[in-house]
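In: could you look at this predicted model? Sequence included:
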Amino acid sequence: MSSDVRFTDFKSDKQPTWCPGCGDFGTMNGMMKALAETGNDPDNTFVVAGIGCSGKIGTYMHSYALHGVHGRALPVATGVKMARPDIEVMAAGGDGDGYSIGAGHFVHAVRRNVDMSYVVMDNRIYGLTKGQASPTSRSDFETSTTPEGPKQPPVNPLALALASGASFIAQSFASDALRHQEIIQEAIEHDGFGFVNVFSPCVTFNDVDTYDYFRDNLVDLQDEGHDPNDYEAAKEVILDSDKEYQGVMYQDENSVPYHEKHGVTEDMSEIPDGAPEDAMDLVREFY
Amino acid sequence: MAEDLNWAVGGEAGDGIDSTGKIFAQALARAGRHVFTSKDFASRIRGGYTAYKIRTSVEEVQSVVDRLDILVALTQRTIDENLDELHEGSAIIYDGERSWEAEIPDEMTAVDVPLKSLAEDAGGAIMRNIVALGAACEITDFDVEYLDEALEKRFGGKGSQIVENNKEAARLGQEYVAENYDLEHLGYSVETTDNDYVLLNGNEAIGMGAIAAGCRFYAGYPITPATSIMEYLTGRIEDYGGHVVQAEDELSAINMALGGARAGARSMTATSGAGIDLMTETFGLVATSETPLVIADVQRSGPSTGMPTKQEQGDLNMALYGGHGEVPRFVITPTSITECFWKTVEAFNLAEKYQTPVFLVSDLAMSVTEQTFPPEAFDMDDVEIDRGKLVDDDEVDEWLDAQGHFRAHAVTDDGVSPRAIPGTVDGAHMSTGLEHDELGRRTEDQDERVQQVDKRYRKVETAQEEEDWDYREFGDEDADNLIISWGSNEGALVEALDYLEDDGIDVRVISVPYIFPRPDLSEEIEAADDVIVVECNATGQFADLIEHDVLTRVKRINKYTGVRFKADELAEQITEQLSAEVPAQ
Ligand SMILES: Cc1ncc(C[n+]2csc(CCOP(=O)(O)OP(=O)(O)O)c2C)c(N)n1
Ligand code: SF4
């Protein structure tokens, strides 16, 4: 089926309930196009989504999918990939989902280097719960729960990933459709954990990190001649808090994904009709 | 009752107590004797009293008793802790050369063996425990060759020199006792048979059951006493194409297992205590997304961190009711080590047949107890696999709606929907913890909500009708006295029957391996005069359920000291309860 898959095959017929103009529309389109472009089809793709406006993405796409509990998309996606190394696995969610309640899972999914892509729609706010501070909100960003701003520095998810031993770190902007799609494609094609933080503006609750803001401030690493295989250069752009970058910041050319390192190659859904043939050996071990 | 021999080795945690005990238990099993072991251990790695106890007989043994015949005491505390169980004919093996002066009651036989120096003669002080085992063989007139076999099994992987050194250490211990003591008067002689037994504990049985049942993916986070399930599977499940992931926490573990299950693999996680609390978050998701998942809870003393190394059956309510909202699930409680195996197999079948979480609730006593069984008790030919309504490419068509979407949560008469796993052509679908329609798409429509809730509970009704939710029964079927128990108390109860019989008391014992759904015991209860529910918790969680089912009060025996029931103790308490008043309505 793969050869004639179109990106619309990844679209469900459910109409998104996102606010008109929400960055998540662009993020999702890029994901669907990237999946189709990389030769996947809905029957061989598994999308795991988090909770939040962003987490609804799984509902609006068509593939095998699970929309789970808040913050746990990465463990679910890890389980899917372990059981089925033959399946394309993508996890998606928001900044609150991924860097707050799911932060522990993020660190460990990164260091496990499971072969999947992880797309975080970073709007620097909690959208679905109507506008509270998120871990990536600016320290002076006023919200219903932080009337004077959170007064603590935002999490730098790219640095967190780098420190956790990431093999692929990228950032994109939902409204720069072509670049966004390209970057997601690279994440999918990467052998290992392909992490993409996507600037995906919330038009309803965040009037600071807007489309205009990103358009005016975004620097494309491609234009800068950045070499993603250069760890030191990657460190520099990732730790540079004065600028907003898009592009692939870091990619480990020698990345070996978890399942290969651990010899997990079989489709685990296939099992015999009864106990395995040599199962009595398991009993004999106890003699 | 045949002659029992009760043996123990005790010392500080870190002294190798566990492996010493296990080696002797294996030697006894190889000699065709039944073995039942128990462990006393504290929740620390070094320091703290630890003991490994063995009860052995040529007849089946299923419980611990308050009696110790031979004690290998590596510390004074070992003697002090066990004084109650030692008797006039007990022999205590200790090392008088070591720093402590053993205070051994006069009426007992002190067997002073220079364990450390003999071990050094054999090649290293580390083997002092093996010297003691050799000494124990001499005292009990037990052929040291069985010990040799156990040592080969234990150390074979480390090279022949290590095996030979250990055998030598055992010989030196044996010879020392033979030369320096005449212990014939103690009258110990360990009869052997030609039987071949396997020796294993409940967690190993669960792990083995999982592999036999086709479990391929396991995710867990270490916690006592569940960890050994993960340890068993690691290194074995790979041989069958599976994999174990040590997750970063229990939230992750259960979600990983859920992912594995949704991808089509038979998947499992296991935990205990604080871990099951964390997993509770995902119970509802497993149920509403209709994912087949086996979740084992090896109960320990709670609440909170409680007593991590002690026995309890306190999680029944958690297994039944844990999670917000109303969550359909099955709760299975193996009653013995063999049942740990068979119920694990059954748990995987039920999970897939009904696409629902299955809680396999075991307990610490079963998880650390090693017991002998004839290998046929785990006959792999009897393992049957039922994957339920798993559809393939050809069967998908039947379940597509007019637009060609797969109805993964189709409302059916039996409540069970078709299941398509990734790769199945046209089976792609969404599943979610949100309430959803037949296609898995979020809905808040009142009719659809009610249909899905009803559908999920209808699976339980179907299972209630189609499966055998029976019980195990012992004792006198016509007795007026009925004892009901769940989980690991079964063995002690079965042995308690012997004591009760000696006192002329007839009882009928019903041991229940299913908590939800559970067998209807109303007829049995009506037929009895006295009904006593036995369990290791303070409040009588199972007794509450029984009272709820039959609308009558029952008597209760509850133990929550952290120690499992003993047969003689149970017999005493049953006798006491039989003459007590039934609690008021
Ligand atoms: C355990 C749990 N706690 C809290 C919530 C409520 N909740 C839903 S979405 C959300 C935050 C979402 O923020 P983010 O991940 O940034 O996604 P966005 O809506 O902005 O896309 C919260 C706190 C929940 N669903 N589950
Ligand atoms: S609230 Fe914000 S994040 Fe949520 S849909 Fe609306 S614009 Fe998007």
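Out: Cool, the structure landed. Numbers count the residues shown, from 1 in each chain, chains lettered A, B, ... in the order given. Ligands and ions are numbered 1, 2, ... in the order given.

In: so who does the residue of the stretch 251-400 of chain B at minimum distance from chain A touch?
Out: Nearest residue of the stretch 251-400 of chain B to chain A (C-beta to the nearest C-beta) works out as residue B:259 at 2.4 Å. For every residue, glycine as well, the C-beta is placed using N, CA and C. By C-beta atoms under 8 Å, 6 or more residues apart in numbering or on different chains, the contact list for residue B:259 reads A:48, A:66, A:75, A:76, A:77, A:78, A:79, A:80, A:81, A:82, A:83, B:267.

In: neighbours of the third one, how many?
Out: Other residues within reach of residue A:75 by the criterion other C-beta atoms under 10 Å in any protein chain shown amount to 32.

In: show me what contacts residue B:260?
Out: Per C-beta under 8 Å, 6+ apart, neighbours of residue B:260: A:79, A:80, A:82, A:83, A:268, B:216, B:217, B:219, B:267.

In: let me know the next secondary structure element after the helix or strand hosting it.
Out: Counting by DSSP states H and E, the element that carries residue B:260 is helix B:250-262. Toward the C-terminus, helix B:250-262 is succeeded by strand B:266-271 as the next helix or strand (DSSP H and E).

In: ok, residue B:522 touching residue B:546?
Out: No: at 9.5 Å, residue B:522 does not count as touching residue B:546 under the criterion of C-beta atoms under 8 Å.

In: these two: which is more packed in?
Out: residue B:546 (22 against 13).

In: did I read that right, that one in a helix?
Out: Yes: counting by DSSP: H, G, I helix; E, B strand; the rest coil, residue B:546 is part of a helix.

In: my read: it touches residue B:554, true?
Out: Yes: shown here, residue B:546 and residue B:554 form a contact pair, counting by C-beta under 8 Å, at 5.7 Å.

In: overlap of the contact sets of the two?
Out: B:484, B:525, B:531, B:533.

In: which among these gets closest to residue B:472?
Out: residue B:484 (11.2 Å; C-beta to C-beta).

In: who's in contact with residue B:392?
Out: Going by C-beta under 8 Å, 6+ apart, residue B:392 touches residue B:424.

In: the shared contacts of residue B:546 and residue B:554 into TSV, with extra columns for pLDDT?
Out: What follows is the shared contacts of residue B:546 and residue B:554, written out as TSV (pLDDT from 0 to 100):
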residue	pLDDT
B:484	98
B:525	97
B:531	98
B:533	98
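
In: buried subset of those as a ChimeraX selection?
Out: Entered in ChimeraX, the line below selects the buried ones among the shared contacts of residue B:546 and residue B:554, by 16 or more other C-beta atoms under 10 Å in any protein chain shown:
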select /B:484,525,531,533
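
In: give me the neighbour count for the residue of the stretch 451-585 of chain B found nearest ligand 2.
Out: Nearest to ligand 2 in the stretch 451-585 of chain B, going by C-beta to the nearest ligand atom, is residue B:452, at a distance of 25.6 Å. Residue B:452: 20 surrounding residues under other C-beta under 10 Å.

In: can you confirm residue B:119 is in a helix?
Out: Yes: counting by three-state DSSP, residue B:119 falls inside a helix.

In: how far away is it from ligand 1?
Out: 56 Å (C-beta to the nearest ligand atom, to the nearest Å).

In: mind listing what that residue touches?
Out: The neighbourhood of residue B:119, defined by C-beta under 8 Å, 6+ apart, consists of B:125, B:126, B:127, B:128, B:130, B:131, B:169, B:172.

In: for those residues, which single residue is the most surrounded?
Out: Result: residue B:131 is most packed of the contacts of residue B:119 (other C-beta under 10 Å), 33 neighbours.

In: quick one: average pLDDT of the helix or strand hosting that residue?
Out: Using DSSP H and E, residue B:131 falls within helix B:128-140. Averaging pLDDT along helix B:128-140 yields 97.

In: before we move on, what about stretch B:31-40?
Out: On average, stretch B:31-40 scores 94.

In: say whether ligand 1 is contacted by the helix holding residue B:260.
Out: No: with C-beta under 6 Å from any ligand atom as the criterion, ligand 1 is not reached by helix B:250-262; the gap is at least 10.0 Å.
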